[in-house]
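**Student:** model the following, please.
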Amino acid sequence: MNIRTSRNFILRVAIMLICLALPVWAGAASTSAEAKGSAQLSEEILKRSTTFFAAPPFMTAENVYEEVVKGGELGYFIVSLQSRADFAKGHVPGAVNIPFDQITERKSLDLLPRDKKIVLTCDDGHRSMVASLYFNQLGYSATAMPMGLNHWNSAQSAAPYTPSPKYPVSAKKQEAAPGQRLPEVAAKAADGNELITERTRAVLTSGRNLFMDRSELFREEGKDGGKGVFVVSIQRPEDYAAGHVPGAINIPFNQIASKESLGKLPRDRKIVVVCYIGHMAASATLLLSQLGYEAYDLRFGTLGWNDDTDGLGKMKAFMLSMTENRSYPVEGTK
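**Tutor:** You can find the predicted model right below:
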């Protein structure tokens, strides 16, 4: 082989190696871009959620009745998230019906005013808190009525509260290993309201029930050492220390929307979020689901798990009062 032939051979081999390497380089670049894009989407979701979890918004049934229904205060706009059928049977007077599974639709968002406080109602308050986070992420001012129709007029609730079964609670602190990576999420929208709506719609149309009954969690915790679920209490630290669902780690609700807190969560297990009456946990469940976790809200929270525990904190008496039926009037279309 002469020098010229040798050079040509070396050149052909070099070109072939470059061609073989290009897909690998392209794949690595694509993976890096996707990871960067996913991180940016997560940042946007967290940025729009931080203020909400610093002070989750509530308006009690008593205040809704006195100020809005009886008082006719015009600064509020009541929305019922009941199904069409349940809304027809009975709802908070003056409410506009936007079924929960339709909250991300354009026609639903077009009904919401930007210049009024939106008061969200449902059967038990849980769906109201999911919608409250979503609407606040979009820039609306939306608050939820705690315990929903259960407290307003329990005869109209399609998801009634039942007394606590007094399941065991623990005062033992459970630690979680930090440094976990956030799930990778994909979306066509790059940022803004379109991203929030796309991610929320993906959660609501997944076919997964976001709400877990206490009896189901109790069974899960009794199977295989509870390895099937990862329980997160978002109680205040002092209340967590006084009594929480056994095995739960503690991430206070005002810290749940931080990457440091999320770094304690596994990506390969069901995450069950527990708060006081299930409401702040409902919002946290949407947030985690938007970020790609498989998250569930424990219905009625610590109150529903064991209403004797001091883990309910200083507001224990108030929370217990939320289970009482006020028998306020309802409207219906049937």
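
**Student:** switch to C-alpha atoms for all contacts and neighbour counts from now on
**Tutor:** Fine.

**Student:** quick one, phi psi at residue 232?
**Tutor:** Phi and psi for residue 232, reported as degrees, to the nearest 10, are phi -120, psi 120.

**Student:** residues contacting it?
**Tutor:** Residues near residue 232 by C-alpha atoms under 8 Å, 6 or more residues apart in numbering: 248, 249, 250, 251, 271, 272, 273, 274.

**Student:** what pairs with it across the strands?
**Tutor:** For residue 232, the beta-bridge partners under DSSP bridges are residue 249, residue 273.

**Student:** picking up where we left off before, among the contacts of residue 232, who's most crowded?
**Tutor:** Counting neighbours by other C-alpha atoms under 10 Å, residue 274 comes out on top of these with 32 neighbours.

**Student:** which ones are touching that one?
**Tutor:** Shown in contact with residue 274 (C-alpha under 8 Å, 6+ apart): 231, 232, 233, 234, 235, 245, 281, 297, 298, 301, 302.

**Student:** got a list of what the last one touches?
**Tutor:** Contact analysis of residue 302 by C-alpha under 8 Å, 6+ apart lists 244, 245, 274, 275, 276, 277, 278, 311, 312.

**Student:** shaky segments in the chain?
**Tutor:** 1-37, 334 (pLDDT under 70).

**Student:** okay, now the domains of it?
**Tutor:** Here the domain assignment for the chain is 3-47, 53-156, 192-321, based on automatic domain parsing.

**Student:** pipe these into CSV and attach distance to residue 166 per row.
**Tutor:** As requested, the domains of the chain are arranged in CSV below (distance: least, C-alpha to C-alpha, whole Å):
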stretch, distance to residue 166
domain 3-47, 35
domain 53-156, 19
domain 192-321, 4
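
**Student:** of these, which is nearest residue 167?
**Tutor:** Closest approach to residue 167 among these (C-alpha to C-alpha): domain 192-321, 5.5 Å.

**Student:** distance from the closest one to the middle of the chain?
**Tutor:** Remark: domain 192-321 is offset 8 Å from the chain centroid, using C-alpha atoms, centre = their mean, to the nearest Å.

**Student:** which residues of the chain fall in strands?
**Tutor:** For the chain, the strands defined by DSSP state E occupy 76-80, 96-97, 117-121, 142-144, 211-212, 229-233, 249-250, 270-274, 295-298.

**Student:** quick revisit: closest to residue 50 out of the contacts of residue 232?
**Tutor:** Lowest distance from residue 50 to those (C-alpha to C-alpha) belongs to residue 251, with 14.0 Å.

**Student:** thought residue 231 was touching the closest one, still the case?
**Tutor:** No: assessed by C-alpha atoms under 8 Å, residue 251 is found out of contact with residue 231, at 10.4 Å.

**Student:** residues shared between the contacts of these two?
**Tutor:** Counting by C-alpha under 8 Å, 6+ apart, nothing touches both residue 251 and residue 231.

**Student:** contact partners of stretch 87-97?
**Tutor:** Around stretch 87-97, the neighbours that count as contacts under C-alpha under 8 Å, 6+ apart are 69, 77-82, 84, 121, 149, 152, 156, 329-334.

**Student:** mind listing what residue 111 touches?
**Tutor:** Neighbours of residue 111 in contact, by C-alpha under 8 Å, 6+ apart: none.

**Student:** looking at the strands of the chain, which is nearest to residue 192?
**Tutor:** strand 142-144 (18.2 Å).

**Student:** buried residues in stretch 69-77?
**Tutor:** 69, 76, 77 (16 or more other C-alpha atoms under 10 Å).

**Student:** where's the first one relative to residue 269, distance?
**Tutor:** Relative to residue 269, residue 69 is positioned 44 Å away (criterion: C-alpha to C-alpha, to the nearest Å).

**Student:** start and end of stretch 297-310, how far apart?
**Tutor:** Length of stretch 297-310, first residue to last, C-alpha to C-alpha: 21 Å.

**Student:** how close does the residue nearest to residue 213 when sequence neighbours are not counted get to residue 112?
**Tutor:** Nearest residue to residue 213, sequence neighbours excluded (C-alpha to C-alpha, 6 or more residues apart in numbering): residue 299, at 5.6 Å. Remark: distance between residue 299 and residue 112 (C-alpha to C-alpha) = 27 Å.

**Student:** how long is stretch 106-124 end to end?
**Tutor:** 25 Å.

**Student:** same question for stretch 221-231.
**Tutor:** Using C-alpha to C-alpha, the two ends of stretch 221-231 sit 9 Å apart.

**Student:** residue 69 versus residue 39, what's the distance?
**Tutor:** Noted for residue 39: a distance of 44 Å to residue 69, by C-alpha to C-alpha.

**Student:** typed the wrong thing, it's residue 299
**Tutor:** Distance from residue 299 to residue 69, by C-alpha to C-alpha: 28 Å.

**Student:** kindly reformat the buried residues of stretch 69-77 as CSV containing distance to residue 203.
**Tutor:** Below are those laid out as CSV (distance: C-alpha to C-alpha, whole Å):
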residue, distance to residue 203
69, 33
76, 28
77, 26
